[in-house]
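In: sequence first, then the predicted structure:
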Amino acid sequence: MEPRVSIDEMEAMLDEAAAGLPAEIFRDLNGGILLLPEAKLSPAGRGNDLYILGEYNKGGNMGRYISIYYGSFMQVYGHLGKTALMEKLTHTLKHEFIHHLESMAGERGLEIKDAEYLADYFRQRGESGK
């Protein structure tokens, strides 16, 4: 089945979502925002059921940047129409920007919340996650 939204359309949606954010939060995001074509499975997932939609990256040659995975979005939300997909994309982008801002401030609140999400994922499967 052909995805409802092509990678080019999603790139335009991502640009629109980013344009709606305050310029100040882009400070030190020297690698920018990348839309990558692949689907990325979480190494913590069981049975190929946990996709990474976006990641905040810091350090290395590219510095600080956000990766958004088109393929993951299509696996998880490919059935949605453009409006609903835009909401999910905007939510994910804001989530990654919170990681960026917390990283610069030396905070880890969202990392802790993400770890709690994974703990819930494992609890639902009757696992400890280790």
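Out: Yep, that arrived. Quick caveat, the model's predicted, so the values are computed rather than measured. Residues are numbered from 1 along each chain as shown.
In: OK, contacts around the residue nearest in space to the middle of the chain?
Out: Closest to where the C-alpha atoms of the chain average out (CA atoms, centre = their mean) is residue 54, at 1.9 Å. Applying CB atoms under 8 Å, 6 or more residues apart in numbering, we find residue 54 in contact with 66-69, 92-93, 95-96. In short, each C-beta sits where N, CA and C put it, glycine included.
In: mind redoing it with 6 Å?
Out: With contact set as CB atoms under 6 Å, 6 or more residues apart in numbering, residue 54 has these partners: 68, 92, 96.
In: strands - which of those residues land there?
Out: residue 68 (DSSP state E).
In: how about a markdown table for the contacts of residue 54, with distance to residue 120 and pLDDT added?
Out: Below are the contacts of residue 54 laid out as a markdown table (distance: CB to CB, whole Å; pLDDT from 0 to 100):
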| residue | distance to residue 120 | pLDDT |
| --- | --- | --- |
| 68 | 23 | 98 |
| 92 | 18 | 98 |
| 96 | 20 | 98 |
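In: which one of the contacts of residue 54 is nearest to residue 22?
Out: residue 96 (14.8 Å; CB to CB).
In: tell me how many other residues crowd that closest one.
Out: The number of residues packed near residue 96 is 22, by other CB atoms under 10 Å.
In: for residue 54, see how far away it is.
Out: For residue 96, the distance to residue 54 equals 5 Å [CB to CB, to the nearest Å].
In: thinking again about what came up before, just grab the bridge partners of the residue nearest to the centre of the chain for me.
Out: residue 68 (DSSP bridges).
In: pLDDT score assigned to it?
Out: With respect to pLDDT, residue 54 has a value of 98.
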